[in-house]
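>>> give the three-dimensional model of this entry:
(chains A and B)
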There are 2 protein chains.
Amino acid sequence: MEVGFPGLTTMRDSVQVTFEPVGIIIRVPAGITIYEAAQRAGVGIEAPCGGQGTCGKCRVLVTDGVAADPDAQEQELLTPEELAHGTRLACRAQVLEDVVVRVEATQALAAGKNLEQGRLRAVALDPDVRRYDLQLPTPTLQDQRSDFRRIADAVSDTQADLTASVGALGGLASALRGAQQQLSVITAGAELVEVRPASARGRCLGVAVDIGTSTVATYLVDLETGAQLATAAAGNPQAQFGADVISRIEYSNSNPGGLRELRAKAVEVINELMQQAVAQAGADCHDVYEVTVVGNTCMHHLFLGLEPRYLAQSPYVPVTTEPLSLGAAEVGLDIHPRGKVFCLPCIAGFVGADTVGVILASELTRRTQPVLAVDIGTNGELALWSGERLLTASCAAGPAFEGAQIEHGMRAAPGAIDHVSAVDGNLVVHTIGDQPARGICGSGLFDAMAVVLEVGLVDKTGRIVNGEVSLQLPGNLAERLQGEGPRRQIVLADSSQAANGPVTFTQRDIRELQLAKSAIRASAEMLLDHVGLSPDDLEEIQIAGAFGNFIDPASALRMGLLPDVPADRISAIGNAAGAGAILALLSRAEREYSRHIAQVAEHIELFRSAEFQTRFAEYMMFE
Amino acid sequence: MEVGFPGLTTMRDSVQVTFEPVGIIIRVPAGITIYEAAQRAGVGIEAPCGGQGTCGKCRVLVTDGVAADPDAQEQELLTPEELAHGTRLACRAQVLEDVVVRVEATQALAAGKNLEQGRLRAVALDPDVRRYDLQLPTPTLQDQRSDFRRIADAVSDTQADLTASVGALGGLASALRGAQQQLSVITAGAELVEVRPASARGRCLGVAVDIGTSTVATYLVDLETGAQLATAAAGNPQAQFGADVISRIEYSNSNPGGLRELRAKAVEVINELMQQAVAQAGADCHDVYEVTVVGNTCMHHLFLGLEPRYLAQSPYVPVTTEPLSLGAAEVGLDIHPRGKVFCLPCIAGFVGADTVGVILASELTRRTQPVLAVDIGTNGELALWSGERLLTASCAAGPAFEGAQIEHGMRAAPGAIDHVSAVDGNLVVHTIGDQPARGICGSGLFDAMAVVLEVGLVDKTGRIVNGEVSLQLPGNLAERLQGEGPRRQIVLADSSQAANGPVTFTQRDIRELQLAKSAIRASAEMLLDHVGLSPDDLEEIQIAGAFGNFIDPASALRMGLLPDVPADRISAIGNAAGAGAILALLSRAEREYSRHIAQVAEHIELFRSAEFQTRFAEYMMFE
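So this is what the prediction gives:
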């Protein structure tokens, strides 16, 4: 597969990068890093540190051609032998000549997992963009209505009185007469967007976009049938400026033009993904007439070029939280030139359009009984529907649940430990694809945490047992303990079970998980208190995010992440944010309902309350 | 006065043209004509043939420097002596080096006359663009409303819920905090357009534009006080592609890119005129937030880049007649980047937004008795209000009334014969500024026609008398007759009274006037018939157009231009089209009413009816 960038192929200083084994070839300007080239090509490479050259997780093998000399970070994190064999850090190694780069399957395939979107509930197809096939009456001296009026009258039975931009009116007269008044007309809301001869009608497509801090996903939909035609996802290339929301805000604050860079990255990756998706469907980008967008408030602001500075400063005020109907050209998206972009509303500085999407998709506010929805990512968002009121809150969970800042953390990909259980008093691990262990993904972490507590390797304060206590453990468990103090760790998979040395679960990993789970748990309990509910009153706890599909509810409960409910009341709803964006694309009623959700939501600011600090400390304990 | 074009002053191949005596200096690309340079500089030069080099009326004197060698047309129309002294045709002579060009005052001042706009009636100031001076509450943890919401809530008492483009939201956060929440906010309709610190509030201005086939006029208005700050006008530079509507449509039809050229000319001259007007008012173009536009349907289409082709072909269907609310950027006007353009609606292919402006300004449809409004120009437009119904019609009057196609026709400027009367059986002429006669302007033509009929120099068929009849004329009148057949003419001012040889009124001139008056008269009578009215029923006949201010109602009646009413029922209402554009700028109610006018108007297509042909032939007679 050749991913061509027409503007670049004739550049004098461009070089060709071939990614193996996926077989993607791309031409890029000489001097960019392998990581950047991979981003452009849509090849997923894990780089939890955001391309700072500190985590060492973006190793790739240059099998043909030579990259620029390794810098200090590469020399520190890679051995001379590795460098000699062509192993490089993708985020540091610059391409100066044509190269072939081998990307581990675990990395190249990672993006695929994130495509799993939430279960899409059925809605009546009623998109804002519609096509009309018209046969207009020929003008006469008795019927001198203008070309535009003729069209407006023909579609007026279903639409408010039509408007049009100069662009749409420009070629109208010739188009009408060339087609003997047989037309295919596209409207977006009350605006005439395109007029074509019936014989050249093209398709009528839409794209839903979920801009995640780590991953950007696009879903291509046929607006006339509701069919999902293709999906495409890639790492968020803003990661090179910072792995999380806060570091990107800081980048924007401290670099002139930084906001513009961040915006351009988001727009660029969405354009590339849309290009991939329409190519898969054998369509053209000009057939796309509308894009709906969800993302957390920071991603929303960065995508639109709105200053994110005050999101991160108390009192955490966004520039705007309104639903926005914008022109594609104004936003920079390469769809039909008069196409539209609808950004779902946000709720607060840290509760964004992604949460609105989750609430929309899960029909939270249409339930009769209390339900809690939790979206676990770098940032945790919670929405509690009491049956009458909708409360939202956010908490900084840290990237622990996504595998970053975890010693052997990785995404859910072949070789990742995804399940851990205790069998006959010993730990048994399962890896994705039954391959030798390479690391541990989110669901594996949850299980590991639950199991190490269960078998007594970790005490209720979160400390890996030591001294007296560890001596009382059965031998097979005691053997898993290594190191002392902050370096103490538990071996989950030893060298015989692993691909590149043992996979361990460290004291620091446990502390990270502890902070994250305690933040989410304290937030959830405070929301319940706020409306006088107890966990027992909850009919359901929904876990959103691709991640939620893989976790064991029992493990989540055992580690104390969630309020205490029976395990069968916990359900994973997948990438419900993306599903919400698709619903807003397919149905005007759903879109209108997203506005309603944002309006009725009561956001509770927990960060600064003394009560939260007390609860947070309390839920640090595993009990 | 230096009119600078920043982008041009550093061009290697630019030359400087100084226009005397007005003292305007401009740098232009070498190779353009003096006429084009004058257009760019806002210096009016008459060129009725549209720069085709056929009418010879755009004579100028190059007093310093030399223009390119004269072409065949110049050699034909100018004598070797004239050329030797530096007389050139502005439309043909190209500037290749710095030159000083002397433009006759009669020409340089011509544009001034057209500025006379209609009497502006009083309206309650209620523009679509408004400014709010706000002191917003500082955000707190208890009040986390977004920046935008805070503004929207502050203005919501008077506006529908606000929207905003990405552009307006871009710098919002910093602007707010930099100004300690003390803001000057501009809205256009329900859209937030600009947010500035209160200390940098600037002005809030609007511009009304009247795009005439011959002249483009702009009126700068303060939207906070309603005061008219400045006006600026210039010849319509599209004239170089054709003097009238039909020849411009033909140019657009037969030249690829012709429509784009015509559009660019209109946009360019409006931008230049606005620049002049804001400079006069000591303001900045970015202080202009809205432009309202009137013009005939062809000017409207050309300004917006809409194909004019079908306006000129039966059944004369426009691309659109709707009122259009557009972005200034989309149209190409250099005002505030998020400023708006409102184009008043048109009624039919030959009854445009200028007529809607006339009806709006004259309050035609608010009268209780029947009134007829006639706008006389190259094209004649008529609007009849019956007291209940509004009928419109148009007719091709030809450019006769504007002095083109008239042997000695010229604009109303010093030296123009503007009044002719019969005193003691002889003809007495009056010239503007009591200067030696140079030609005859519209009002002079009307008088001349009436008087030559009255004294018997012309018979009721429109023929200049001859043979027997002429022999019976008093000697002083008979002496005025020269030539035979189609070359027969009446001397209005002989060499002793004139600047450059006798000014005559020719048989062909009379035929042109006859065709024009008969078309207008037949149209007016047919509209009256259509609603069962007679001329007696008319409470008033309004003559619109700058031209109307100068004609003698008695002459217009005597030559048979208008239905037969007492002379005191005829009134001139000036450039009411421009006044309508100003009203739409000042008042949302007036703007809304313009939409109403276009909706209720019943356009009657007269051109093709047999009845019209009969009437037309009938009114050719002067009786």
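
>>> enumerate the residues of the stretch 251-400 of chain A near chain B.
By the rule CB under 8 Å from any CB of the partner chain, the part of the stretch 251-400 of chain A lying against chain B is A:304-307, A:309-310, A:314-322, A:324-326, A:330-331, A:348-349. Quick note: C-beta positions are derived from backbone N, CA and C, even for glycine.

>>> from those residues, which land in helices?
When those are checked against helices (DSSP state H), the matches are A:Leu304, A:Glu330, A:Val331.

>>> list buried residues within those.
Among these, the ones that count as buried by 16 or more other CB atoms under 10 Å in any protein chain shown are A:Leu304, A:Val331.

>>> of the ones in helices among the residues of the stretch 251-400 of chain A next to chain B, closest to B:Thr218?
Of all these, A:Glu330 has the smallest distance to B:Thr218: 27.8 Å, by CB to CB.

>>> wait, the closest one sits on B:Leu169?
No: using CB atoms under 8 Å, A:Glu330 is not in contact with B:Leu169; the gap is 11.0 Å.

>>> leaving out sequence neighbours, find the closest residue to whatever residue of the stretch 101-250 of chain A ends up closest to chain B.
As assessed by CB to the nearest CB, chain B sits closest to A:Phe148 within the stretch 101-250 of chain A, at 3.7 Å. Spatial nearest neighbour of A:Phe148, excluding adjacent residues (CB to CB, 6 or more residues apart in numbering or on different chains): B:Thr320 at 3.7 Å.

>>> what about the one you found, how many residues close to it?
The number of residues packed near B:Thr320 is 28, by other CB atoms under 10 Å in any protein chain shown.

>>> kindly report the same for A:Ala516.
A:Ala516 has 23 nearby residues by other CB under 10 Å.

>>> same for whatever helix or strand it lives in, what does it pack against?
Here A:Ala516 sits within helix A:507-530, counting by DSSP states H and E. For helix A:507-530, the packing partners by 3 or more CB pairs under 8 Å, 6 or more residues apart in numbering or on different chains; DSSP states H and E come out as strand A:371-376, strand A:379-385, strand A:390-396, helix A:442-454, helix A:610-618.

>>> quick check: mean pLDDT of the shortest one?
Put plainly, it is strand A:371-376. Strand A:371-376 comes out with an average pLDDT of 92.

>>> over to stretch A:221-241?
The average pLDDT for stretch A:221-241 rounds to 90.

>>> with stretch A:269-281 instead?
Here the average pLDDT along stretch A:269-281 is 95.

>>> who touches that stretch?
A:3, A:39-40, A:42, A:205, A:207, A:209, A:211, A:216-220, A:229-234, A:236-237, A:284-285, A:287-288, A:291, A:303, A:332-335 (CB atoms under 8 Å, 6 or more residues apart in numbering or on different chains).

>>> circling back: nearest to A:Ala416 among the ones in helices among the residues of the stretch 251-400 of chain A next to chain B?
Among those, A:Leu304 lies closest to A:Ala416 (CB to CB), at 34.7 Å.

>>> one step back: so the residue nearest to A:Phe148 touches B:Glu307, yeah?
No: with contact defined as CB under 8 Å, B:Thr320 does not count as touching B:Glu307 (11.0 Å).

>>> where's A:Cys49, which helix or strand?
A:Cys49 belongs to no helix or strand, assigned by DSSP H and E.

>>> for A:Leu273, give me phi and psi.
Backbone geometry at A:Leu273, expressed as degrees, to the nearest 10, gives phi -70, psi -40.

>>> burial count for it?
Residues near A:Leu273, counting by other CB under 10 Å, number 23.

>>> name the nearest residue to the residue most central in space within chain A, ignoring sequence neighbours.
Centroid-nearest residue in chain A, with CA atoms, centre = their mean: A:Gly212, separated by 2.9 Å. Nearest residue to A:Gly212 in three dimensions, chain neighbours excluded: A:Asn236, at 6.4 Å (CB to CB, 6+ apart).

>>> how far away is the one you found from A:Gln275?
A:Asn236 sits 17 Å away from A:Gln275, going by CB to CB, to the nearest Å.

>>> what about these two, which has more around it?
Using other CB under 10 Å as the criterion, A:Asn236 and A:Gln275 rank with A:Asn236 on top: 25 against 18.

>>> ok, that one touching A:Val209?
No: judged on CB under 8 Å, A:Asn236 makes no contact with A:Val209 at a distance of 11.5 Å.

>>> any common contacting residues for the two?
Joint contacts of A:Asn236 and A:Val209 (CB under 8 Å, 6+ apart) are A:Val216.

>>> do stretch A:174-190 and chain B meet?
Yes: Stretch A:174-190 lies within reach of chain B by CB under 8 Å from any CB, at A:Ser174, A:Arg177.

>>> quick one on the thing from earlier: now for B:Thr320 and B:Glu307: what residues contact both?
Between them, B:Thr320 and B:Glu307 share the contacting residues A:Leu172, judged by CB under 8 Å, 6+ apart.

>>> so the residue of the stretch 101-250 of chain A closest to chain B, which of the three states?
helix (DSSP: H, G, I helix; E, B strand; the rest coil).

>>> can you count the residues close to it?
Neighbours around A:Phe148, by other CB under 10 Å: 25.

>>> now do A:Pro323
Neighbours around A:Pro323, by other CB under 10 Å: 20.

>>> that one contacts A:Ile347, correct?
No: between A:Pro323 and A:Ile347 there is no contact under CB under 8 Å: 11.6 Å.

>>> shared neighbours of those two, anything?
Contacts common to A:Pro323 and A:Ile347, judged by CB under 8 Å, 6+ apart, are A:Ala598.

>>> per-residue confidence for A:Arg366?
Value listed for A:Arg366 in the pLDDT field: 93.

>>> give me the phi and psi for it.
Taking degrees, to the nearest 10 as the convention, A:Arg366 sits at phi -100, psi 0.

>>> how far away is it from A:Pro323?
In this view, A:Arg366 and A:Pro323 are 19 Å apart by CB to CB.

>>> likewise for A:Gly456?
52 Å.

>>> list the buried ones in stretch A:432-448?
A:432, A:436-448.

>>> can you give me the mean pLDDT across it?
88.

>>> can you name the residues in contact with it?
Here stretch A:432-448 makes contact (CB under 8 Å, 6+ apart) with A:106, A:400-403, A:406, A:408-421, A:429, A:431, A:492-493, A:497-500, A:503, A:505, A:509, A:513, A:547, A:550-552, A:555-556, A:559, A:561.

>>> between the one helix or strand A:Leu360 maps to and strand A:379-385, how many degrees?
In this structure, A:Leu360 sits in helix A:353-362 according to DSSP H and E. Angle of helix A:353-362 versus strand A:379-385, following axes from the mean of the first three to the mean of the last three CA atoms, to 10 degrees, is 40 degrees.

>>> chain center to helix A:353-362: distance?
Helix A:353-362 sits 13 Å away from the centroid of its parent chain (CA atoms, centre = their mean, to the nearest Å).

>>> report the inter-axis angle for that helix versus strand A:371-376.
140 degrees.

>>> cheers, nothing more for now.
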